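>>> After the sequence you'll find the predicted model.
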Amino acid sequence: MSKLYLIRYGEIALKGENRSLFEDILLSNIKKSLDNKDKNLIIYKTPGRIFLETSTDQSIVIERLLKIAGIVSFSPVQKLSLNYNEMKKETLKIVRNNLKERENTSFRISARRSNKKYKYDSMELQYKLGEYVIENVDQNKIEVDLHQPELNINVEIRKHNSYIYSKVYQGIGGLPVGVTGNVGLMLSGGIDSPVAGYMGIKRGAKIIPVYFHSFPFTGDKTKQKVIELANILAKYQNNIDLYVVNFTDILQEINEKCPNKLMTIIMRRLMLKITELIVEKKNGKAIITGESIGQVASQTLDAIKVTNTVPKLPILRPLLGLNKVQIINMAKKIGTYDISIQPYEDCCTVFVPDSPETHPNMEQVEKGEATLDVDDLIKKAVNTVELINIEAY
């Protein structure tokens, strides 16, 4: 049996002439997330609202809608006519069902009337429905609470129908994936970069993760860890193409010829160069990194300044103002933390010098890179990149 869901969005409503485009992309993303479960689902928009009708199990629908960027909140709803008698019976039914789970409850009715031709205004409808409930429920089991009710029954009066619901699930908000274009993500096995990717997704970016693998310095368990992180991110994006770069030869060249204290900076610069070459082939418009100012030696402002000179594409750092505790909390929230803390290191942690340069300048870095012979190695790395297609569900 199909169930109906009312879906709300936020800042999309402020997009003026582009609003319809943003709405259509959000509809498409919702459908992609669920149509592997229900090929016959129905999804449509009305002014300020999206409605989804599907026979998919409600727990699955809730789980997936909670991960779709652009959705501010949603509710399973009962669709009725504009007949007042239908509304009052459904309202009473919700209260009685709630009382099956608890001995007593406080409640309120919250009504909205976009259909100004309806015979009752919002205040009248709230009063009449509330009065009907009180008259038909044991007074010892129920009380009105207009401020912090345990049960808030919402009634929306629209042009042709009314909608009644009592549960509201908070979504992740933001913009629908795809509205801002393709964006590269330098994805490692750590805590930070998956969170940065998630924040990019929330701003409408379709992320293209690039991971640098350096076997045998980093093993297959590290690679699998990154694939698992990409799988989590795919649930927020519907699917992901993960690009795995063989970085071993370049890393050995850096290790043998570069000044030890500049290894991290130079490695970072070459990773950005390769990432840009890959991302540009996919019409990428920027590169996201998991850097946060001052967190490690390669994230001082001086270090960021010299790495910024490598790509022509802009580098986006969504974690810039967050501290480690805030980043960890977000990683736990999105489901990447437990994977990120698995004890399998990537090349960025394996090859950390004992005394890294925290205030590099371009003269130092260019001198350190002058001894490298990496042009052919970079071409080889880009041409032999491994593509892993990850479907969300």
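Structure's in. What do you need?
>>> So, low pLDDT: which residues of this structure?
297-298, 344-354 (pLDDT under 70).
>>> On the three-state scheme, I43 is what?
Look at I43: counting by DSSP: H, G, I helix; E, B strand; the rest coil, its state is strand.
>>> Grab the nearest non-local neighbour of it.
L52 (5.0 Å; C-beta to C-beta, 6 or more residues apart in numbering). Heads up, the C-betas are built off the backbone N, CA and C, glycines and all.
>>> Test my guess that that neighbour contacts I30.
Yes: with contact defined as C-beta atoms under 8 Å, L52 reaches I30; the gap is 6.3 Å.
>>> shared neighbours of those two, anything?
Residues touching both L52 and I30 (C-beta atoms under 8 Å, 6 or more residues apart in numbering): I7, I43, L65.
>>> how close does the second one sit to V210?
With distances taken as C-beta to C-beta, to the nearest Å, I43 is found 33 Å from V210.
>>> Tell me which of those two has more neighbours.
V210 (26 against 18; other C-beta atoms under 10 Å).
>>> So the protein: which segments form each domain?
1-81+170-176, 82-160, 181-391 (automatic domain parsing).
>>> which one of these is the most hemmed in?
domain 181-391 (a mean of 19; mean count of other C-beta atoms under 10 Å).
>>> I378 contacts M271, doesn't it?
No: counting by C-beta under 8 Å, I378 sits too far from M271 to count as a contact (10.4 Å).
>>> and the end-to-end length of stretch 185-200?
With C-alpha to C-alpha, to the nearest Å as the measure, stretch 185-200 spans 9 Å from end to end.
>>> residues contacting the residue lying closest to P259 once chain neighbours are set aside?
Spatial nearest neighbour of P259, excluding adjacent residues (C-beta to C-beta, 6+ apart): G368 at 5.1 Å. G368 sits next to C258, P259, L262, I266 when contact means C-beta under 8 Å, 6+ apart.
>>> hmm, which two among those residues are most spread apart?
P259 and I266 (8.6 Å; C-beta to C-beta).
>>> M267 against L251, yeah?
Yes: with contact defined as C-beta under 8 Å, M267 reaches L251; the gap is 7.0 Å.
>>> wait, isn't L387 in contact with V245?
No: using C-beta under 8 Å, L387 is not in contact with V245, being 10.8 Å away.
>>> packing partners for the host helix or strand of I227?
Per DSSP states H and E, I227 falls inside helix 220-237. Judged by 3 or more C-beta pairs under 8 Å, 6 or more residues apart in numbering; DSSP states H and E, the packing partners of helix 220-237 are helix 192-202, strand 205-213, strand 239-246, helix 337-340, strand 386-391.
>>> I'd like to know which of these is closest to L320.
Among the helices and strands packed on helix 220-237, helix 192-202 comes nearest to L320, with 9.6 Å by C-beta to C-beta.
>>> any idea how far the closest one is from the chain center?
7 Å (C-alpha atoms, centre = their mean, to the nearest Å).
>>> what's next to that helix, contact-wise?
Outside helix 192-202, the residues that reach it (C-beta under 8 Å, 6+ apart) are 69, 172-175, 177, 183, 185-187, 207, 209, 229, 232-233, 236-237, 288-292, 295, 316-319, 327, 330-331, 334, 336, 340.
>>> what's the answer for stretch 314-331, then?
For stretch 314-331, contacts defined as C-beta under 8 Å, 6+ apart pick out 183, 191-192, 194-196, 198-200, 203, 272, 285-293, 295, 304, 307-308, 337, 340.
>>> Endpoint to endpoint, it covers what distance?
Using C-alpha to C-alpha, one end of stretch 314-331 lies 24 Å from the other.
>>> just stretch 286-300 next, same as before
The first-to-last residue distance of stretch 286-300 comes to 21 Å (C-alpha to C-alpha).
>>> on that earlier part again, with distance to Y163 added, can I get the helices and strands packed on helix 220-237 in a markdown table?
Listed next are the helices and strands packed on helix 220-237 as a markdown table, based on distance: least, C-beta to C-beta, whole Å:
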| stretch | distance to Y163 |
| --- | --- |
| helix 192-202 | 27 |
| strand 205-213 | 32 |
| strand 239-246 | 32 |
| helix 337-340 | 37 |
| strand 386-391 | 33 |
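>>> correct me, but E291 touches N308?
No: E291 is beyond contact range of N308, at 10.6 Å (criterion: C-beta under 8 Å).
>>> partner residues bridging I7?
I50, F74 (DSSP bridges).
>>> My read is that it contacts I30, right?
Yes: counting by C-beta under 8 Å, I30 is a contact partner of I7 at 7.1 Å.
>>> Common neighbours of those two, please.
Residues touching both I7 and I30 (C-beta under 8 Å, 6+ apart): I50, L52, L65, I71.
>>> Which residues lie in contact with the third one in this structure?
Counting by C-beta under 8 Å, 6+ apart, L65 makes contact with Y5, I7, I30, S33, L52, I71, F74, Y169, G171.
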